[in-house]
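Student: task: produce atomic coordinates for the following.
(chains A and B)
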Protein chains: 2
Amino acid sequence: MKELITQKCIPCEKGAPLLTPEKLNALHPQIPEWDIIEANGTKRLRKVFRFKNFAAALAFVNQVGELAEAEFHHPTIVLDWGRAEVIWTTHKIKGLHENDVIMAARTDALI
Amino acid sequence: MKELITQKCIPCEKGAPLLTPEKLNALHPQIPEWDIIEANGTKRLRKVFRFKNFAAALAFVNQVGELAEAEFHHPTIVLDWGRAEVIWTTHKIKGLHENDVIMAARTDALI
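Tutor: Residues are numbered from 1 along each chain as shown, chains lettered A, B, ... in the order given. The predicted model follows:
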């Protein structure tokens, strides 16, 4: 299997297929620290990153932002003192696309 | 009444008094667009700021971060594409201090 971290997002339009549970289970070991959560019927990938202070957490948010802009795929980020929670999902298809798993792996690689 | 926007945070330790409901009601007209919400028994000030894209929202998050670092008082910020939700509260006293109202007013002034 090609490593997720080396992959780029592909353009994803409305109607693109959601990741099947089988495919998601097969990919999850590459991003083991990401929780698969479901809210309002939409699956998301979620991970909390901890930092020594606010400035370090904000610097990470900017790194994730740079990655997001480069790939035209944007997460939700909850920034707190010493903490950044990153959530990936694909709004257009109301759930998880392979792009989200790629972005989760690439987020991990920023640290 | 001295305008909130011109004020600075004062050091706030555990045991400092919460804003009374009367004082909060008196100050609220200076930050009318901020909702007073309560979660887990803790009052917070919350406002959603909208932007034309992700980069503009992230730039605002950095402005709020700079203000937070300057005043040693830090919010929770939820960043999304074109949107930043800012939440002020004082964790040490589990609720709202006058500092939070000052920071809300100064957040508004960044725009």
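Student: tell me where chain A has helices.
Tutor: Remark: helices assigned in chain A by DSSP state H are A:21-27, A:54-71, A:98-108.
Student: pipe these into a markdown table and attach mean pLDDT and distance to chain B per row.
Tutor: For the C-beta atoms, the positions are set from N, CA and C on the backbone; glycine is no exception. Formatted as a markdown table, the helices of chain A follow (pLDDT from 0 to 100; distance: least, Cβ to the nearest Cβ, whole Å):
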| stretch | mean pLDDT | distance to chain B |
| --- | --- | --- |
| helix A:21-27 | 96 | 23 |
| helix A:54-71 | 98 | 5 |
| helix A:98-108 | 97 | 13 |
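Student: let's have those in CSV, adding mean neighbour count.
Tutor: Shown next, in CSV, are those (neighbours: other Cβ atoms under 10 Å in any protein chain shown):
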stretch, mean neighbour count
helix A:21-27, 13
helix A:54-71, 18
helix A:98-108, 23
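Student: B:P29 is nearest to which of the ones you listed?
Tutor: Distance to B:P29, taken as Cβ to Cβ, is lowest for helix A:54-71 among the helices of chain A, at 29.8 Å.
Student: send me the closest one as PDB with only the CA atoms.
Tutor: Output in PDB follows, covering the C-alpha atoms of helix A:54-71 (Å, rounded to 0.1, in the frame of the first residue of the first chain):
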ATOM      1  CA  PHE A  54      -0.400  29.000  23.400                       C
ATOM      2  CA  ALA A  55       2.100  30.300  21.000                       C
ATOM      3  CA  ALA A  56       3.300  26.800  20.100                       C
ATOM      4  CA  ALA A  57      -0.200  25.600  19.600                       C
ATOM      5  CA  LEU A  58      -0.900  28.600  17.300                       C
ATOM      6  CA  ALA A  59       2.300  28.000  15.300                       C
ATOM      7  CA  PHE A  60       1.000  24.500  14.700                       C
ATOM      8  CA  VAL A  61      -2.400  25.800  13.600                       C
ATOM      9  CA  ASN A  62      -0.500  27.900  11.000                       C
ATOM     10  CA  GLN A  63       1.400  24.900   9.800                       C
ATOM     11  CA  VAL A  64      -1.900  23.000   9.400                       C
ATOM     12  CA  GLY A  65      -3.300  26.000   7.600                       C
ATOM     13  CA  GLU A  66      -0.500  26.100   5.200                       C
ATOM     14  CA  LEU A  67      -1.000  22.500   4.400                       C
ATOM     15  CA  ALA A  68      -4.700  23.000   4.000                       C
ATOM     16  CA  GLU A  69      -4.300  25.900   1.600                       C
ATOM     17  CA  ALA A  70      -1.700  23.900  -0.500                       C
ATOM     18  CA  GLU A  71      -4.100  21.000  -0.800                       C
END
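Student: sweet, I'm off.
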